[in-house]
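Novice: sharing a sequence plus its predicted fold:
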Amino acid sequence: MVTGGCGRKRLLPAYLALLFVAMLGDQAWAARCLYVSSYHPGYEWNDGIERGLVSTLNGRCELKRFYMDTKRNTEPDWARRKAREAVELIASFRPDVVIAADDNASKYLVQPYFRNADIPFVFCGLNWSVQEYGYPYSNATGMVEVAPVRPLLKQIRRILATVRTGLFVSAGVTTEYKDYDNFKRILAREGVSLQARMVNTMAEWEQAYREGDRYDFVFLGNNAGIGDWDSARAEHFALQNARVLSVSSYDWMIPYAALAITKVPEEQGEWAAKVALSILDGLSPRDIPIIPNRRWQAWVNPAIVDRLRIELSPSLLLNARKYQ
């Protein structure tokens, strides 16, 4: 009998420890976070935001993901249907905070269904401005995505004696038209005229790349949205046909450009996650200001630089990542 009593005494601390661990587990999953992406897994920008988001949340809430997939499916009807699916998911999952990435999530989901609603939203990746979506809302805050146009122009002017004209070559998708309008406006203030070729196929992209020979530089926008994109073909083509300076603001376009100064998608995800955690801790979205991104990364493609026989500044070469 004594032995049995001792056994029960030994088991009691173990039982209490297991109960404590179980309580911690319940506490860790007490909050629910929903990530709504405008795009799809495998798209470089989308993946970068998600990496920053997941690493920062780090198990602080139960995280569910929903992808609207509007980069590969560009019809408005598709976006509206995916937004309705997201509304249904929000109703069933009942998240404590929703993180909405890129423009279409705000355009088709947040603005029409959740403007000034009770559930808090954190947006990120909105190109240039929030005005067209009516932000700020009482229940939403976020980070705006601004491309480094002026830093790029500064480098272009260090390389070229004269900079008067440029050609913007990009997939013909909504966000790229928005980028072009802003690039054109900013460069016009600097005395540079920017024209555009919006394309849907590899053949059209190659033709537009060749047309760039008539300009001082070519600005390569996003390739996402070009249905038959072939990375190996594009890299070979760019190296064989590079005759004028080519630049970009996307790191995944550096295989086809001499120089890129890029946004950092992880910054958007990390910031959105930190704000989401602050909201879970009791801070109101209305008390968190909407801010632009602040981090840039320079890239250089030595093969295209050598082909063009251009000289880059020592400081750029020291700080830039090299594409090999």
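Specialist: Thanks, I have the structure now.

Novice: in the stretch 1-150 of the chain, where is pLDDT below threshold?
Specialist: Scanning the stretch 1-150 of the chain for pLDDT under 70 picks out the ranges 1-29.

Novice: please enumerate the strands of it.
Specialist: Secondary structure of the stretch 1-150 of the chain (DSSP state E, counting those that start in this stretch): strands located at 32-37, 62-67, 97-101, 121-127, 140-145.

Novice: quick one, domains of the protein?
Specialist: Following automatic domain parsing, the chain resolves into domains at 29-145+265-294, 149-263+297-322.

Novice: just send these back as a markdown table, with mean neighbour count too.
Specialist: C-beta coordinates here come from the backbone N, C-alpha and C atoms, glycine included. Converted to a markdown table, the domains of the chain look like this (neighbours: other Cβ atoms under 10 Å):
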| stretch | mean neighbour count |
| --- | --- |
| domain 29-145+265-294 | 19 |
| domain 149-263+297-322 | 18 |
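
Novice: picking that back up, let me have the strands of the stretch 1-150 of the chain in CSV, extended by distance to V275.
Specialist: Formatted as CSV, the strands of the stretch 1-150 of the chain follow (distance: least, Cβ to Cβ, whole Å):
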stretch, distance to V275
strand 32-37, 11
strand 62-67, 15
strand 97-101, 9
strand 121-127, 5
strand 140-145, 6
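
Novice: how far off centre is stretch 283-294?
Specialist: Stretch 283-294 has its C-alpha centroid displaced from the chain centroid by 17 Å (Cα atoms, centre = their mean, to the nearest Å).

Novice: ok, and what's touching it?
Specialist: Residues from elsewhere that reach stretch 283-294, judged by Cβ atoms under 8 Å, 6 or more residues apart in numbering: 120-122, 130, 135-146, 263-264, 267-268, 271, 275, 278-279.

Novice: just the CA trace of that stretch, in PDB.
Specialist: Provided in PDB are the C-alpha atoms of stretch 283-294 (Å, rounded to 0.1, in the frame of the first residue of the first chain):
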ATOM      1  CA  LEU A 283      -3.900  48.000 -30.200                       C
ATOM      2  CA  SER A 284      -6.500  49.400 -32.600                       C
ATOM      3  CA  PRO A 285      -5.800  49.500 -36.400                       C
ATOM      4  CA  ARG A 286      -6.900  53.200 -36.400                       C
ATOM      5  CA  ASP A 287      -4.000  54.000 -34.100                       C
ATOM      6  CA  ILE A 288      -1.400  52.500 -36.400                       C
ATOM      7  CA  PRO A 289      -0.300  54.800 -39.300                       C
ATOM      8  CA  ILE A 290      -0.200  53.600 -42.900                       C
ATOM      9  CA  ILE A 291       3.400  53.700 -44.100                       C
ATOM     10  CA  PRO A 292       5.400  53.000 -47.300                       C
ATOM     11  CA  ASN A 293       8.100  50.400 -47.600                       C
ATOM     12  CA  ARG A 294      11.700  51.500 -46.700                       C
END
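
Novice: now the end-to-end length of stretch 257-272.
Specialist: 30 Å (Cα to Cα, to the nearest Å).

Novice: what of stretch 243-256?
Specialist: Using Cα to Cα, the end-to-end distance of stretch 243-256 comes to 12 Å.

Novice: state the mean pLDDT of that stretch.
Specialist: For stretch 243-256, the mean per-residue pLDDT is 95.

Novice: do stretch 268-285 as well
Specialist: Mean predicted lDDT for stretch 268-285 stands at 96.

Novice: chain center to it, what's the gap?
Specialist: Taking mean C-alpha positions (Cα atoms, centre = their mean), stretch 268-285 and its chain are 17 Å apart.

Novice: same question, stretch 94-110
Specialist: Taking Cα atoms, centre = their mean, one finds stretch 94-110 lying 14 Å from the centre of the chain it belongs to.

Novice: contact partners of stretch 37-57?
Specialist: So stretch 37-57 is contacted by 33, 35, 63, 65-72, 99-105, 124-125, 224, 250-252, 264-274, 276-277 (Cβ under 8 Å, 6+ apart).

Novice: hmm, 7 Å instead?
Specialist: 33, 35, 63, 67-72, 99, 101-105, 124-125, 224, 252, 265-270, 272-274 (Cβ atoms under 7 Å, 6 or more residues apart in numbering).
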